[in-house]
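S.K.: following is a predicted model, sequence given first.
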Amino acid sequence: MTDAANTDRWIRWLNLVQLVLAGVIIMAPTVWMVLSSFKPSFEVTAYPPTLIFTPTLDNYVELTKTTPFMSYAVNSLIVTVGSTALGLLFGIPAAFAVSWTRISWPAILTLAARMAPGTLFLLPWYVMFRQVGMIGSYTALILSHAVITLPIVIWVLLPSFDGIPRSVFEAAQVDGCGVTRILWRIALPLVASGVAVSAILAFVFSWNYFLFALVLSNGDTKTLIAAAFNFIGEGSTQWGALMAAATLIALPPLVLAALVQRWLVSGLTLGAVKG
Amino acid sequence: MSDAAATLTQDRQKLEMSALSAPAVIFTVAMIAFPVVYTIWLGFQTFSSTGKQSFAGLANYSKLISDYEFWHGLWVTVALFVLSLVLQLVFGVWLALVLFHAKRLPGIVRSLFISPFMMPPVVAGMMWLVILDPSLGAANYILQSFGLPPSDWLASPTWVIPTVALIDSWQWTPYVALIVLGGLQSLPPSVYEAAQIDGASPFKTFQRITLPLLLPTIVTAAILRSVDLLRFFDIIYITTQGGPGNASNTLNIYGFRVGFEFFNIGYASALMLTLTAIVFGAVLAFNRLRGAVAWS
């Protein structure tokens, strides 16, 4: 019996060691990025690399001084919030209708669209938006990013709507409630947490998306992600500012994801796995 | 309520339902379906240097067959896809098992574990660019302090694909792990208890019971990752832009550059349609595989 207990303890230790090892591998690069962003410029490129240093905000100050970082951030915010709002506006009623009628092709259509490489749409968009002079407009960016947010909203909300007992709707129908009224007055409040999760996931993936803004934005509407390229061009002496930019760009999605981590699994797999 | 009235209400309800999904459907048709049809048409066009457009028949597709860069891009895409997928599935299953046995994981720890794939791939590229710098990066310092030779990482034509696969795997292995963890948690505990009573070793239990039962979940993870891996773009565009030379020029990067750097929209359209066919082909193949390994 003591033998079994010993083996048990040993296995638990082994598992803890593996957990710590995995945690270190996962966290170390991010920690290094954040540390580097607070290093004095001569220490960022020090070799051998240093772990102990006097932290400074110089890199962040330089970043805001030498680049229009704040206006890029505002652009990112406009595009991300706009596309998330559009995704919710179109996605909520669609998810409700799919859940109610069990006619799933509209949901599959939006998902299939997301599986193709973005360049496939970007080529015709570029030709079409150029013809109507919309290259570099917020409208073009928001519309293109809504292609990312819409399937996220629909597929995250589908299981939530499916979870509402039918009798709730039937009772409302007997009371003479129209379908649209049932959605906004009865169903939506019941899936409020699902809406929050879908909105946050849509925000994160729209914020993180690189390709569309690379082509559809111009100097005035460039998003942070599309501008990341400019920060790299500065050369190896600018590592501190580069890491400061990387840290700031990564901050909003990381904070939001931490808020909803409990519900992320089923949302991230678009319903393929129940979390 | 009479039958006629009931039909009337049902018809009205159907109409209202269609109205609810209409905005999403119209948006998708306008932003995706119509542009894709337009891309198919563009694939049959050539654009002269003056921007004049003319019908080219299958010229873009025959060019594709004889284009060395296309075949090279296909090779890079497939190599990166296979390498990354294997790494992410193997380590993802391992990580899932570790997390599964760590009971009561606090929320903050979970947040840390999902942080790599919640950050923009562009940021992952930026941070690894600094870490993997051949002369001043921390990675080579660590290698050398263990007595190992330094590597040129992203600057080496030989190592650039494995390096990019490593960066992507750092970012997405925790994602695979979370999916597999969901599968593990949904397995009935009774199967483990039966195995324990039979005196099976932990390894045997995993090999004979857990793994077969997990296969459908693992294939699901493989599908979700394949879609991203076959159209690999962000990390490469930020770190190497397809280089050094053309060593990491995936099909998606190549198609993008043909379209938006050389402005050969017709040929780029043909390239992208081919890549799309490859992605959908892979998804369908995996979907069949999932059907074959399903147990419920």
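M.R.: The structure has been received and is ready for your questions. Numbers count the residues shown, from 1 in each chain, chains lettered A, B, ... in the order given.
S.K.: low-confidence ranges, the chain, go.
M.R.: In the absence of a named chain, chain A is used. For chain A, the stretches with pLDDT under 70 are A:1-2, A:233-237, A:265-275.
S.K.: that answer is for a different chain, and I need it for chain B
M.R.: Residue ranges of chain B with pLDDT under 70: B:1-8, B:49-51, B:295-296.
S.K.: which residues are in contact with the residue nearest the centre of it?
M.R.: Nearest residue to the geometric centre of chain B (CA atoms, centre = their mean): B:Asp228, 1.9 Å. Applying CB atoms under 8 Å, 6 or more residues apart in numbering or on different chains to B:Asp228 gives the contacts B:Trp172. In this view, the C-beta of every residue, glycine as well, is placed from N, C-alpha and C.
S.K.: would you say B:Leu105 is within a helix?
M.R.: No: assigned with DSSP: H, G, I helix; E, B strand; the rest coil, B:Leu105 falls outside any helix and is coil.
S.K.: hmm, B:Leu99 and it touching each other?
M.R.: Yes: using CB atoms under 8 Å, B:Leu105 is in contact with B:Leu99, at 6.4 Å.
S.K.: quick one, which of these two is more surrounded?
M.R.: B:Leu99 (24 against 13; other CB atoms under 10 Å in any protein chain shown).
S.K.: the lengthiest helix in chain B and chain A in contact?
M.R.: Looking across chain B with DSSP state H, the single longest helix is helix B:68-101. Yes: counting by CB under 8 Å from any CB of the partner chain, chain A is contacted by helix B:68-101 at B:94-95, B:98-99, B:101.
S.K.: which elements pack onto that helix?
M.R.: helix A:2-37, helix B:160-185, helix B:211-230, helix B:251-260, helix B:265-293 (3 or more CB pairs under 8 Å, 6 or more residues apart in numbering or on different chains; DSSP states H and E).
S.K.: now these as a markdown table including distance to A:Leu120?
M.R.: A markdown table is the format used below for these (distance: least, CB to CB, whole Å):
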| stretch | distance to A:Leu120 |
| --- | --- |
| helix A:2-37 | 32 |
| helix B:160-185 | 21 |
| helix B:211-230 | 12 |
| helix B:251-260 | 9 |
| helix B:265-293 | 4 |
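S.K.: could you say which one of these comes nearest to A:Pro252?
M.R.: A:Pro252 lies closest to helix A:2-37 among those, at 14.8 Å (CB to CB).
S.K.: now do the buried residues in that closest one.
M.R.: A:15, A:18-19, A:22, A:26, A:29-30, A:32-37 (16 or more other CB atoms under 10 Å in any protein chain shown).
S.K.: run through who's touching the helix or strand following that helix.
M.R.: Moving toward the C-terminus from helix A:2-37, the next helix or strand (DSSP states H and E) is helix A:41-44. Contact partners of helix A:41-44, identified using CB under 8 Å, 6+ apart, comprise A:36, A:50, A:53, A:58-59, A:237, A:239-240, A:243.
S.K.: chain center to helix A:41-44: distance?
M.R.: Its chain's C-alpha centre and that of helix A:41-44 lie 31 Å apart, by CA atoms, centre = their mean, to the nearest Å.
S.K.: if we can go back for a sec, so which of the contacts of helix A:41-44 reach chain B?
M.R.: By CB under 8 Å from any CB, the members of the contacts of helix A:41-44 lying near chain B are A:36, A:239, A:243.
S.K.: from A:Tyr138, how far out is A:Ala112?
M.R.: Plainly put, A:Ala112 is 27 Å away from A:Tyr138 if you go by CB to CB, to the nearest Å.
S.K.: about what we covered before: quick check, nearest of the ones next to chain B among the contacts of helix A:41-44 to chain B?
M.R.: A:Trp239 (5.5 Å; CB to the nearest CB).
S.K.: ok, that closest one - contacts?
M.R.: Contacts of A:Trp239 were listed using CB under 8 Å, 6+ apart, and they are A:36, A:44-45, B:130.
S.K.: that one: what secondary structure?
M.R.: helix.
S.K.: what about the closest residue in space to it that isn't next to it in sequence, how many residues close to it?
M.R.: Counting by CB to CB, 6 or more residues apart in numbering or on different chains, the nearest residue to A:Trp239 once its immediate chain neighbours are dropped is A:Val44, at 4.4 Å. A:Val44 has 25 neighbouring residues, counting by other CB under 10 Å.
S.K.: same question for B:Val191.
M.R.: B:Val191 has 13 neighbouring residues, counting by other CB under 10 Å.
S.K.: same thing with B:Ser269?
M.R.: The local packing of B:Ser269 (other CB under 10 Å) involves 28 other residues.
S.K.: these two touch, right, it and B:Gly43?
M.R.: Yes: the pair B:Ser269 / B:Gly43 is scored as a contact, 4.1 Å apart, by CB under 8 Å.
S.K.: closest to B:Ser115 out of the helices and strands packed on helix B:68-101?
M.R.: Once the helices and strands packed on helix B:68-101 are compared by CB to CB, helix A:2-37 is nearest, at 6.3 Å.
S.K.: which strands and helices lie in contact with the closest one?
M.R.: Here helix A:2-37 touches helix A:239-260, helix B:68-101, helix B:107-118, helix B:121-131, helix B:160-185, going by 3+ CB pairs under 8 Å, 6+ apart.
S.K.: tell me which strands and helices the last one is in contact with?
M.R.: Translated: helix B:160-185. helix A:2-37, helix A:264-268, helix B:68-101, helix B:107-118, helix B:121-131, helix B:211-230, helix B:234-239.
S.K.: may I see the buried residues of it?
M.R.: For helix B:160-185, by 16+ other CB under 10 Å, it's B:160-184.
S.K.: between helix B:68-101 and that helix, find me the angle.
M.R.: If you take axes from the mean of the first three to the mean of the last three CA atoms, to 10 degrees, helix B:160-185 sits at 40 degrees to helix B:68-101.
S.K.: so how far is helix B:160-185 off the chain centroid?
M.R.: The chain centroid and the centroid of helix B:160-185 are separated by 10 Å under CA atoms, centre = their mean.
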